[in-house]
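**Student:** Following is a predicted model, sequence given first.
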Amino acid sequence: MKLISNQYILLIIGGVLVGFTGMNWNIPFFGWFVFVPFLRYIRLGYSFKLLLMSLVFFQILSTLRIVSEPFHLWIAVFSGLQAGFIFTILLWIWNFFRIRYPKSISPILSFAFLFTIVEWIGAYETDLGVWGMLANSQIGNLILLQSASIFGATGISFILYLFNVTFEHFFSEILDQKKLTHSTIKFTWITISILILTNVYGTFRLSLGIPGKQIRVANITSKFEIQTIWENPNENIKNTQLTIERTRMSAKQGANVVVWNEGAVLVTVEAEEEFLKLVSSIANEEQIEIIAAYIVQKTSGGFFFDNKLVWFAKDGKRRQTYYKQFLVPGEPVSKIPSEIKAIDTEFGRMSVAICYDFDSLRLTEIHSEYGSGITLIPASDWKGISPFHTEMAVIRGIENGSSIVRSARSGLSGVFDAYGRPKGTLDYFEENDGILISSVATSKLNTVYSRFGNWIVWIGIVNLLLSGCKIVYFVIKRSIEDPNEV
């Protein structure tokens, strides 16, 4: 038993769990225990300085899992430093109040709510968007993910944090005190009950069909990388011809809508209008909707672009011109404001986004507010984040009750219904013809989350505010009774 109280053993176990939680090589089971070693480490009073250094090191190593071109090593180092510092600061704050004011706060609830709230702030306000959400560790657990339709991914993260801290209390009290406190027993039953209810709900929901009309959607991708078509004009011509050819082939195979991958074609400013006339004529001839995603060279010889799409109706008219809104830090594209729309078509109400746009809860909530039943997403990934990035977008669909169509260069393309069930996928790194055609529903499902948003976060905020009021009352009362203790 001494081994699981040794500070270095605890840090090593925690490091392994961090290393395989979230992103690629994710082991969903680890997400339920990833904080347990660190919480026990803190309980035993070990050094926060060592904890900080360890968490920074582990986070850097963990982020290295997604390093491949164009994601560079320095970004992994920066992300690791940021995550390590944030986690350590939050753990210190939680531990300080847990020890100093044990009668004013619930250590279990305060931990779960504190981390959930900070995660929610990051998903709305930071450039990393939803990448820091613990709920991402449960990708693949479609039964549990159905609960996102009730309280969003933040609610799933809350359950994971609650399980972590409850399990640590249960484990440590049995190990150190040989008995459980009333609080730990209570939260153990609460946690078990939540897990049972979410699994029953998810199982039942997945047994239901999705009503309404279905359409045939085509994802088309090519093997030409952006760097290649930028450097070599001949390769760019070949890529453009291939994209047009696959668009026509998709129409002939019965697709109603064709979605290109992000930056599928590179055009110059001078040639842009002629190019758009060509795509318009194809949409009209083939009687298909085309989500034509392309990049426009902005500077002579410079690697900087407008990253945009033009949505053509099947009569060739332009429904929408849209520029990417949520940019990856350091991405060499212009920031041009664009209005998010949900457009009524004969197939249903649909919307568009570009890749990283769907990593911002602030943007995805707009798609839901406008009643989009299906979001068409041109995307461009890299090997280090495939298929994880596409699977993250699926959670947004479950939250908002909408189907997701994501066409990805250097990643997993897929068509998913509003329950997150794959209707068809196409892996860029496998041998294929670059065309995926699947049928999917376009009707929007009403979800609790799309109506009330991150309500569990607001419960958490109220809980922490009430705890804060109790602490202030306690401090004032103690200062009156014994001024020397303040």
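**Tutor:** Done, it's in. Numbers count the residues shown, from 1 in each chain.
**Student:** what sits against the closest residue to residue 104 other than its chain neighbours?
**Tutor:** With C-beta to C-beta, 6 or more residues apart in numbering as the criterion, residue 104 has its nearest non-adjacent residue at 4.2 Å, and that residue is residue 470. Heads up, the C-betas are built off the backbone N, CA and C, glycines and all. For residue 470, the contact set (C-beta atoms under 8 Å, 6 or more residues apart in numbering) comprises 101, 104-105.
**Student:** got a winner among the residues you listed for most neighbours?
**Tutor:** For those, the largest neighbour count, defined by other C-beta atoms under 10 Å, is 21 neighbours, found at residue 105.
**Student:** and the helix or strand encompassing residue 156, what does it pack onto?
**Tutor:** Counting by DSSP states H and E, the secondary-structure element that holds residue 156 is helix 148-176. Contacting helix 148-176 under the criterion 3 or more C-beta pairs under 8 Å, 6 or more residues apart in numbering; DSSP states H and E are the following elements: helix 36-43, helix 107-125, helix 182-206, helix 388-400, helix 448-452, helix 455-481.
**Student:** Give me the residue ranges of the stretch 1-150 of the chain where confidence is low.
**Tutor:** For the stretch 1-150 of the chain, the stretches flagged by pLDDT under 70 are 1, 68-72.
**Student:** one more time with 50, if that's ok
**Tutor:** Scanning the stretch 1-150 of the chain for pLDDT under 50 picks out nothing.
**Student:** Kindly report the same for the stretch 351-486 of the chain.
**Tutor:** Filtered on pLDDT under 50, the stretch 351-486 of the chain yields no residues whatsoever.
**Student:** Ramachandran coordinates for residue 324?
**Tutor:** phi -60, psi 130 (degrees, to the nearest 10).
**Student:** Count the neighbours of it for me.
**Tutor:** For residue 324, the neighbour count with other C-beta under 10 Å is 27.
**Student:** Same question for residue 45.
**Tutor:** 10.
**Student:** Could you do the one 3 residues further on as well?
**Tutor:** The number of residues packed around residue 48, counting by other C-beta under 10 Å, is 15.
**Student:** Buried residues, the helix holding residue 156. List them.
**Tutor:** Of the residues in helix 148-176, those buried by neighbour count under the rule 16 or more other C-beta atoms under 10 Å are 148-173.
**Student:** now swap in stretch 288-307 and tell me
**Tutor:** Residues 288-297, 305-307 are the ones in stretch 288-307 that count as buried (16+ other C-beta under 10 Å).
**Student:** Output stretch 107-122 as PDB, nothing but the C-alphas.
**Tutor:** C-alpha atoms of stretch 107-122 as PDB (Å, rounded to 0.1, in the frame of the first residue of the first chain):
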ATOM      1  CA  PRO A 107     -14.700  19.400  -1.700                       C
ATOM      2  CA  ILE A 108     -16.300  17.000  -4.200                       C
ATOM      3  CA  LEU A 109     -18.800  19.400  -5.700                       C
ATOM      4  CA  SER A 110     -16.400  22.400  -5.700                       C
ATOM      5  CA  PHE A 111     -13.800  20.400  -7.600                       C
ATOM      6  CA  ALA A 112     -16.200  19.200 -10.200                       C
ATOM      7  CA  PHE A 113     -17.800  22.600 -10.700                       C
ATOM      8  CA  LEU A 114     -14.600  24.600 -10.700                       C
ATOM      9  CA  PHE A 115     -13.000  22.600 -13.400                       C
ATOM     10  CA  THR A 116     -16.200  22.400 -15.500                       C
ATOM     11  CA  ILE A 117     -16.600  26.200 -15.300                       C
ATOM     12  CA  VAL A 118     -13.000  26.900 -16.400                       C
ATOM     13  CA  GLU A 119     -13.300  24.400 -19.200                       C
ATOM     14  CA  TRP A 120     -16.500  26.100 -20.400                       C
ATOM     15  CA  ILE A 121     -14.800  29.500 -20.400                       C
ATOM     16  CA  GLY A 122     -12.000  28.100 -22.500                       C
END
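**Student:** i'd like the first residue to be 697 from this point on
**Tutor:** Renumbered: residue one is now 697, and that last one reads stretch 803-818.
**Student:** buried ones in it?
**Tutor:** Residues 803-813, 815-816, 818 are the ones in stretch 803-818 that count as buried (16+ other C-beta under 10 Å).
**Student:** Please compute how far it lies from its chain's middle.
**Tutor:** 17 Å (C-alpha atoms, centre = their mean, to the nearest Å).
**Student:** Relative to residue 977, which of the buried residues of stretch 984-1003 is nearest.
**Tutor:** The shortest approach to residue 977 among the buried residues of stretch 984-1003 belongs to residue 986, at 10.7 Å (C-beta to C-beta).
**Student:** Tell me the neighbouring strands of the host helix or strand of that closest one, and mark each as parallel or antiparallel.
**Tutor:** Per DSSP H and E: residue 986 is located in strand 985-993. Sheet neighbours of strand 985-993, with direction, are listed as strand 953-956 (parallel), strand 961-964 (parallel), strand 1001-1008 (antiparallel) (DSSP bridges).
**Student:** Reformat those into JSON lines and put mean pLDDT and distance to residue 748 next to each item.
**Tutor:** Output for the strands paired with strand 985-993, formatted as JSON lines (pLDDT from 0 to 100; distance: least, C-beta to C-beta, whole Å):
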{"stretch": "strand 953-956", "mean pLDDT": "98", "distance to residue 748": "44"}
{"stretch": "strand 961-964", "mean pLDDT": "94", "distance to residue 748": "45"}
{"stretch": "strand 1001-1008", "mean pLDDT": "96", "distance to residue 748": "38"}
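**Student:** Let's have those in JSON lines, adding distance to residue 723.
**Tutor:** JSON lines is the format used below for the strands paired with strand 985-993 (distance: least, C-beta to C-beta, whole Å):
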{"stretch": "strand 953-956", "distance to residue 723": "32"}
{"stretch": "strand 961-964", "distance to residue 723": "39"}
{"stretch": "strand 1001-1008", "distance to residue 723": "34"}
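**Student:** Minimum distance to residue 931: which of those strands has it?
**Tutor:** Among the strands paired with strand 985-993, the nearest to residue 931 by C-beta to C-beta is strand 961-964 (9.7 Å).
**Student:** Which helix or strand lies directly C-terminal to that closest one?
**Tutor:** Strand 961-964 is succeeded, C-terminally, by helix 968-982 (DSSP H and E).
**Student:** Show me which of the helices and strands packed on helix 844-872 has the highest average neighbour count.
**Tutor:** Per-stretch averages of neighbours, counted by mean count of other C-beta atoms under 10 Å, single out helix 1084-1096 among the helices and strands packed on helix 844-872, with a mean of 25.
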